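A.B. asks: no FASTA, just this:
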């Protein structure tokens, strides 16, 4: 009898594994069927590769984002030696654009990660009782009432211009949006039958929240994280362009565009290439995020 029971259990486990593998294959086919999402994935993957291997790429070409190439190399157009040309202080634009990817990816990653962690915690704690809900959500409403870029500029003026403060200010700006999504999803999950069964079984409120509610709201949070990543990239570029972000001579895409304003006619490459990389990065993360959303919720794609 016990042997038959063990055999049945093993068979069920094997069938479950097969179902999980088949579901993964279906999800992969569904994602690959969305061509724009695949394009977004490859753009994101390319930008991450450029960010990680920036020192290797520039070292192989013998260029540096901070080193002047000599007075005679000022405002040279794109060539075989310098694919993106040189800027107004004789530096290689290609090297600066590649290192700018490193700055943008770093800012986007940490802003997306920190805002998702903090926003999810705030959104979930807001569902504990009405008092916490009113306090936390009114704070989020107050932050959302201020335009994001204006709030970020104000925070940077108080904190000072450097990368750490850019990450901190953009995280503060991004947290309310994530918190509201986490709260709405947590409220939906808490009304499910299995949550009521856990309450009836005597499970504590915090055990239900962290062990049963949290795993079921991670999918929309991850999707929102990709959009936050894209928003952080464009916000960092905007802050640097306005002089409130990462200070010059750091090779930020927004800072490069700020430097290029006075040379837009006789040094167009100083404007075009940082702008292209900024736009591609934001587009890639948005397309990839759309693909993830459609994968998680197939009805949204219709």
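C.D. replies: Yep, that arrived. None of the values given here were measured: they were computed from a predicted structure. Residues are numbered from 1 along each chain as shown.
A.B. asks: which SS class is residue 68?
C.D. replies: What DSSP: H, G, I helix; E, B strand; the rest coil gives for residue 68 is coil.
A.B. asks: Please verify my assumption that it contacts residue 90.
C.D. replies: Yes. With contact defined as CB atoms under 8 Å, residue 68 counts as touching residue 90 (4.3 Å). For the C-beta atoms, the positions are set from N, CA and C on the backbone; glycine is no exception.
A.B. asks: Quick one: the helices in the protein, in order.
C.D. replies: Residue ranges of the helices in the chain, as given by DSSP state H, are 2-33, 35-52, 54-61, 93-125, 130-144, 148-159, 163-190, 193-200, 205-208, 218-241, 253-260, 269-296.
A.B. asks: domain ranges for the chain?
C.D. replies: For the chain, automatic domain parsing gives the domain ranges 1-33, 38-301.
A.B. asks: Make TSV out of the ones you listed and add mean neighbour count.
C.D. replies: Shown next, in TSV, are these (neighbours: other CB atoms under 10 Å):
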stretch	mean neighbour count
domain 1-33	10
domain 38-301	18
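A.B. asks: TSV for these, including mean pLDDT?
C.D. replies: Below are those laid out as TSV (pLDDT from 0 to 100):
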stretch	mean pLDDT
domain 1-33	67
domain 38-301	88
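A.B. asks: what does stretch 205-216 contact?
C.D. replies: For stretch 205-216, contacts defined as CB atoms under 8 Å, 6 or more residues apart in numbering pick out 120, 124, 127-128, 185-186, 189-190, 194-195, 198-199, 203.
A.B. asks: Residue 30: which of these is nearest?
C.D. replies: residue 185 (21.7 Å; CB to CB).
A.B. asks: From what I see, that closest one and residue 217 are in contact.
C.D. replies: Yes. Residue 185 is in contact with residue 217 according to CB under 8 Å; the separation is 4.0 Å.
A.B. asks: Spit out the residues that contact these two alike.
C.D. replies: In contact with both residue 185 and residue 217: no residue, using CB under 8 Å, 6+ apart.
A.B. asks: how near is the spatially most central residue of the chain to residue 191?
C.D. replies: Among the residues of the chain, the one closest to the centroid is residue 229, at 1.8 Å (CA atoms, centre = their mean). To residue 191, residue 229 is 31 Å away according to CB to CB, to the nearest Å.
A.B. asks: Run through the residues that contact the closest residue to residue 244 other than its chain neighbours.
C.D. replies: Leaving aside its chain neighbours, residue 244 sits nearest to residue 156 (4.4 Å; criterion: CB to CB, 6 or more residues apart in numbering). For residue 156, the contact set (CB under 8 Å, 6+ apart) comprises 165, 166, 169, 239, 244, 245.
A.B. asks: I'd like those residues as TSV, with distance to residue 266 appended.
C.D. replies: Below are the contacts of residue 156 laid out as TSV (distance: CB to CB, whole Å):
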residue	distance to residue 266
165	34
166	31
169	35
239	27
244	27
245	26
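A.B. asks: wait, which of the helices of the chain is closest to residue 86?
C.D. replies: helix 93-125 (6.2 Å).
A.B. asks: tell me the angle of the closest one relative to helix 163-190?
C.D. replies: 40 degrees (axes from the mean of the first three to the mean of the last three CA atoms, to 10 degrees).
A.B. asks: any idea of the angle helix 93-125 forms with helix 54-61?
C.D. replies: Helix 93-125 runs at 170 degrees relative to helix 54-61, counting by the same axes, to 10 degrees.
A.B. asks: what separates helix 93-125 from the chain centre, distance-wise?
C.D. replies: Remark: helix 93-125 is offset 5 Å from the chain centroid, using CA atoms, centre = their mean, to the nearest Å.
A.B. asks: picking up where we left off before, make a markdown table out of the helices of the chain and add distance to residue 82.
C.D. replies: Formatted as a markdown table, those follow (distance: least, CB to CB, whole Å):
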| stretch | distance to residue 82 |
| --- | --- |
| helix 2-33 | 38 |
| helix 35-52 | 17 |
| helix 54-61 | 9 |
| helix 93-125 | 6 |
| helix 130-144 | 44 |
| helix 148-159 | 33 |
| helix 163-190 | 27 |
| helix 193-200 | 61 |
| helix 205-208 | 58 |
| helix 218-241 | 23 |
| helix 253-260 | 15 |
| helix 269-296 | 9 |
